[in-house]
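**Q** From the sequence below, what's the structure:
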Amino acid sequence: MSSVRLAPMSADQYRAYRAIAERSYADNMVKSGTMPEPEALHKAAEDFERLLPHGVDTAGHEFWTAFDDGEEVGMLWLGFTEKSDGLHAFGYDFLVTSELRRQGYGRAIMAAAEHMCRERGVVEVGLSVFGFNSGAQSLYEQMGFEVTTVQMRKRV
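**A** Below you'll find the model as predicted:
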């Protein structure tokens with residue numbers, strides 16, 4: 001693997017991403033036990049519409065496709081917000097193409113994103129991770145992210 005390059009996501013790439021992302025988000029909410037499937041499907045649709053009313057052209061949100069030597073290896077969605085202490089970024093979604101996972105692309109995409117954020121003057125990057133996704137949690141901790149909130153539940 002050579003260095004990963006982030007390029008702005010095209011409208012066609014966004015449409016392909018969006019076609020699967022909403023369902024994937026709902027599936028993750030169900031898998032985590034956050035809510036049953038009907039509510040998760042509704043929440044996913046509602047969240048995407050609220051956050052991205054203009055799709056890939058929504059102000060404050062940027063999408064990139066990650067490439068390695070011209071091959072598409074993943075994607076990244078960041079939202080940017082100006083706060084009293086400077087520009088903050090939030091990672092709404094980040095993925096590596098399924099057949100390329102566990103080959104270092106996740107780390108490389110995160111490093112490229114961090115570099116890009118530094119160049120833009122971002123002072124902090126946040127993200128959320130579902131509790132069952134221990135692989136992502138481990139990667140984020142290795143990349144220097146720290147836990148800020150833990151939500152817990154107990155089924156009775």
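**Q** got any ranges where the protein has weak pLDDT?
**A** Applying pLDDT under 70 to the chain picks out residues 1-2.
**Q** Go ahead and flag the most central residue of it.
**A** D93 (1.5 Å; Cα atoms, centre = their mean).
**Q** Verify the stated contact: that residue with I20.
**A** No - D93 is not in contact with I20 according to Cβ atoms under 8 Å; the separation is 10.7 Å. C-beta coordinates here come from the backbone N, C-alpha and C atoms, glycine included.
**Q** If you count neighbours, what's buried in the helix or strand encompassing G74?
**A** Assessed by DSSP states H and E, G74 sits inside strand 71-83. For strand 71-83, a neighbour-count test (16 or more other Cβ atoms under 10 Å) marks 73-79 as buried.
**Q** what packs against that strand?
**A** Judged by 3 or more Cβ pairs under 8 Å, 6 or more residues apart in numbering; DSSP states H and E, strand 71-83 is in contact with strand 4-8, strand 61-68, strand 86-96, helix 105-120.
**Q** Return the list of helices and strands in contact with the first one.
**A** Put plainly, it is strand 4-8. strand 61-68, strand 71-83, helix 105-120.
**Q** quick one: contacts of the longest helix along the chain?
**A** Criterion DSSP state H: the longest helix present in the chain is helix 11-32. By Cβ atoms under 8 Å, 6 or more residues apart in numbering, the surrounding residues in contact with helix 11-32 are 9, 35-37, 40-41, 43-45, 47-48, 55-56, 63, 65, 75, 93, 130-133.
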